[in-house]
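Q: Coordinates for the following, if possible.
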Amino acid sequence: MPRLGAHLSIAGGLPRAIDRAVASGCEALQIFTKSVGQWRAREIPPEERDAFRRRARETRVAPIVAHDSYLINVASADPASRAKSVAALGEELDRADALGLDALVMHPGSHASEPDGLDLIAEALRGHLAARKRSRVRILLEHTAGQGTNLGHRFEHLAAIIRAVGRTRRVGVCLDTCHLISAGYDITTPDGYRATFDAFDRIVGLDRLALFHLNDSKRPCGSRVDRHEHIGQGCLGTATFARILNDPRFARLPMVIETPKQKDATARGQVDPLDEMNLRTLRSLLRQ
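A: Numbers count the residues shown, from 1 in each chain. Okay, the predicted model is just below:
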């Protein structure tokens, strides 16, 4: 069955995220390895790194992936901004590698020109992969909702980046259910669901799909607005999640929620009852 999990806080130290995952009933986990709203990152002390790796082995929470900073835009048309973003992405990859993580999820980036932006993204990935040949961390391009000049909201964008990077299995895809419907892929009906994943397989390839973000959407199909909602309480509805959870093609994939948080719990670094609620809802949709 799919391994369900959540994006959880690292407040109090990176190992605490794994403790919260266990307490929340997570099998998989997504984290930020640094403060998401800052360019600078504190160095991970060796003892914290070792404790994180040890807790991962002890608990068998897996896979554990990181999401990169929202500040990063390797498709930027501004040379100084892009250079800063490319360097920051490299740092994110190195932090993920030090922690023994399976993958780093990244938003492709934003650019007014699709062809130019896609080329810049692929160039950045080629450089980082070539410089880290011994790393086992995969880069997962997250399909986006398509707000503004964001790239990655069409399957063709993802396929173009992967082709331009070259023959490597170290680049995969993360699909977000909220982003899919916001970008215009209507997965709420059986026909729409079938057409969407047939298109993904034809254009990108299901073998590239490595992770799902399971989020309901506050906005309707084609809105191109990224607003997450609790499972079953938005425009997707529980039937959509039941299709994904019970689709044999996705039976071995990790699926993590990024649903709204209870602010007090997040601030204090505690187990969030809303995460527990959403995970219960998902598990209730699994057919044994």
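Q: Residue 120: what's its closest spatial neighbour, skipping adjacent residues?
A: residue 75 (4.7 Å; C-beta to C-beta, 6 or more residues apart in numbering). Any C-beta I mention is one placed from the backbone N, CA and C, and that applies to glycine too.
Q: Helix or strand with the lowest mean pLDDT in this protein?
A: Ranked by mean pLDDT, DSSP states H and E, the weakest helix or strand in the chain is helix 263-268, scoring a mean of 71.
Q: Which parts of the stretch 51-200 of the chain are strands?
A: 64-67, 103-106, 109-110, 138-142, 150-151, 171-176 (DSSP state E, counting those that start in this stretch).
Q: could I have the longest one exported to CSV, CA atoms only?
A: What that stands for is strand 171-176. What follows is strand 171-176, C-alpha atoms only, in CSV (Å, rounded to 0.1, in the frame of the first residue of the first chain):
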residue,chain,number,x,y,z
VAL,A,171,15.5,13.4,-11.9
GLY,A,172,11.9,12.5,-11.1
VAL,A,173,8.5,14.1,-10.6
CYS,A,174,6.3,15.0,-7.6
LEU,A,175,2.6,15.4,-8.4
ASP,A,176,0.5,17.6,-6.1
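Q: So what touches it?
A: 103, 105, 125, 129, 138-145, 158, 161-162, 165, 200, 204, 208-213, 215, 258 (C-beta atoms under 8 Å, 6 or more residues apart in numbering).
Q: Of the strands of the stretch 51-200 of the chain, give the one that comes closest to residue 254.
A: strand 64-67 (7.6 Å; C-beta to C-beta).
Q: Please name the strands paired to the closest one in the sheet, noting orientation.
A: Using DSSP bridges, strand 64-67 pairs in its sheet with strand 28-31 (parallel), strand 103-106 (parallel).
Q: returning to what we had before: tell me how far the first helix or strand past the least confident helix or strand of the chain going along the chain lies from the chain's centre.
A: Downstream of helix 263-268, the first helix or strand assigned by DSSP states H and E is helix 273-284. Relative to the chain's own centre, helix 273-284 is displaced by 19 Å; criterion: C-alpha atoms, centre = their mean, to the nearest Å.
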